[in-house]
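Novice: Kindly return the folded structure for what I paste below:
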Amino acid sequence: MVTVLSGKLTGEIRFGRSDCPRRKGVERRLEQNGRDGSAVIFRNEAFGRSLSFVESGRKVVSGGIARALCLLVLSVCPCFYSCADENNEAVLAPTKSSPVKIPVFSRQQVPSSPRSREAVARVVPSLIRQLESRNLSYGSPIFIRIFKRERELEFWLRKGKKYNLFRTYPIAAMSGQLGPKLLEGDRQAPEGFYYVSPSRMNPNSRFHLSMNLGYPNRYDRVHGRTGSALMIHGGRASIGCFAMTDPKIEEIYAMADAALRNGQMFFRVHCFPFRMSEANMKKYAQSKWNSFWANLKPGYDFFESSKSPPDVRVEERKYLFGKATN
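Specialist: Reported below is the predicted structural model:
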């Protein structure tokens, strides 16, 4: 008996009565598809045995053949449903994945709630598997970039001295036009360089979970801009914030929470009107915000070339950029 495990098609198929005439016909057809005259037979294995193929030479059937055989059975022999006993019908049972050990970080306190803890417990096992498949680690320092025109949020994690892109999330809702936020109530989403510290994580948000960007920053205040409570949050509605949907914000929040608990003092969030390529800068050169965007571009270029976010400061009413220490 040779058990076939083929990629995603790993599981069990259980059959009904062995005297079903259609089943016998399928067995004969499968025999004709055997290699080197070997027999291909399905046995009634009702209690946890895998889909198996018996061959005279005990050769393992290839993944492609396994898929073809399973599709053939399910498509041409509906008797596995209609002729089966009620408790012995055809079933494709997924293989159980091994448990994931979830690390606990305590280098820094971060606000939490029953809601945030439930969300983290729900999404982290899958996130850890996905991160490990990319050679990234849950709890590593993070960095977020937002592009308003493209309606995208990039989530980066640090590996060594550089950050690696883990996922690009679509932004579900965002109000306003291209250009910075100027006044409280103008419904504009911000543009510029912001950061989130532990105290800005909100596990009790009206929008499921959220993180406050810290608008207005020093640059905004120097330019007389006003506003408050501009966030990345759940849900699908926004007035000046970036709404990500509840399932997406749970993933983003969980990774941010882990990074902060593991010792990252704060994480940066850079908000751009668009991807600041030379082509896009030329495309929007006539905008009234061209000089402001020209001041954002060196910060964008810094990360593009180094894959490490810059340290940002404000001098003489302008952003200046240098190598970050955090």
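
Novice: How about P198: what's its closest non-neighbour residue?
Specialist: Leaving aside its sequence neighbours, P198 sits nearest to V110 (C-beta to C-beta, 6 or more residues apart in numbering; 4.6 Å). Every C-beta, even on glycine, is put in place using the N, C-alpha and C of the backbone.

Novice: Counting neighbours, what do you get for that neighbour?
Specialist: Neighbour count of V110, defined by other C-beta atoms under 10 Å: 19.

Novice: my read: it touches A258, true?
Specialist: No - when contacts are counted by C-beta atoms under 8 Å, V110 is not listed as touching A258 (9.1 Å).

Novice: Could you list the low-pLDDT ranges of the stretch 101-250 of the chain?
Specialist: Scanning the stretch 101-250 of the chain with the threshold set as pLDDT under 70 gives no residue ranges.

Novice: so where do the strands sit in it?
Specialist: Ranges of strands in the stretch 101-250 of the chain, per DSSP state E, counting those that start in this stretch, are 142-147, 152-159, 162-170, 192-196, 201-202, 210-212, 231-233, 242-243.

Novice: would you list those in JSON lines and tack on mean neighbour count?
Specialist: As requested, these are exported to JSON lines (neighbours: other C-beta atoms under 10 Å):
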{"stretch": "strand 142-147", "mean neighbour count": "22"}
{"stretch": "strand 152-159", "mean neighbour count": "19"}
{"stretch": "strand 162-170", "mean neighbour count": "16"}
{"stretch": "strand 192-196", "mean neighbour count": "23"}
{"stretch": "strand 201-202", "mean neighbour count": "20"}
{"stretch": "strand 210-212", "mean neighbour count": "23"}
{"stretch": "strand 231-233", "mean neighbour count": "26"}
{"stretch": "strand 242-243", "mean neighbour count": "26"}
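
Novice: Assess the claim that Y169 and E152 are in contact.
Specialist: Yes - using C-beta under 8 Å, Y169 is in contact with E152, at 7.0 Å.

Novice: which residues touch the residue nearest to P198?
Specialist: Contact analysis of V110 by C-beta atoms under 8 Å, 6 or more residues apart in numbering lists P198, M201, D257, L260, R261.

Novice: which one of those sits closest to G235?
Specialist: Distance to G235 across these (C-beta to C-beta) is lowest for M201, with 16.7 Å.

Novice: if I pick that closest one, what's in contact with it?
Specialist: Counting by C-beta under 8 Å, 6+ apart, M201 makes contact with V110, P111, M211, Y253, A256, D257, L260.

Novice: State the distance from it to H233.
Specialist: Counting by C-beta to C-beta, to the nearest Å, the gap from M201 to H233 is 11 Å.

Novice: joint contacts of those two?
Specialist: Both M201 and H233 are in contact with M211, where contact means C-beta under 8 Å, 6+ apart.

Novice: how about the contacts of M201 in a markdown table, adding distance to G139?
Specialist: Putting these into a markdown table (distance: C-beta to C-beta, whole Å) gives the following:
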| residue | distance to G139 |
| --- | --- |
| V110 | 12 |
| P111 | 18 |
| M211 | 17 |
| Y253 | 14 |
| A256 | 11 |
| D257 | 10 |
| L260 | 10 |
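
Novice: Which of these are buried, as a PyMOL select command?
Specialist: Buried residues among the contacts of M201 (16 or more other C-beta atoms under 10 Å), as a PyMOL selection:
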select buried, resi 110+211+253+256+257+260
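
Novice: ok, back up a step: relative to N135, which of the strands of the stretch 101-250 of the chain is closest?
Specialist: strand 152-159 (6.8 Å).

Novice: what packs against that closest one?
Specialist: strand 142-147, strand 162-170, helix 246-261 (3 or more C-beta pairs under 8 Å, 6 or more residues apart in numbering; DSSP states H and E).

Novice: repeat that with 6 Å
Specialist: With contacts taken as 3 or more C-beta pairs under 6 Å, 6 or more residues apart in numbering; DSSP states H and E, strand 152-159 sits against strand 142-147, strand 162-170.

Novice: Let me know the angle separating the longest helix seen in the chain from helix 246-261.
Specialist: In the chain, with assignment by DSSP state H, the single longest helix is helix 114-133. If you take axes from the mean of the first three to the mean of the last three C-alpha atoms, to 10 degrees, helix 114-133 sits at 80 degrees to helix 246-261.

Novice: Give me the buried stretch members for helix 114-133, please.
Specialist: Across helix 114-133, burial judged by 16+ other C-beta under 10 Å covers S116, A119, V120, V123, V124, L127, I128, L131.

Novice: Look up how far V110 lies from S116.
Specialist: Counting by C-beta to C-beta, the gap from S116 to V110 is 9 Å.

Novice: List the contacts of the longest helix of the chain.
Specialist: V100, I102, Y138, P203, L209, E250, E251, A254 (C-beta atoms under 6 Å, 6 or more residues apart in numbering).
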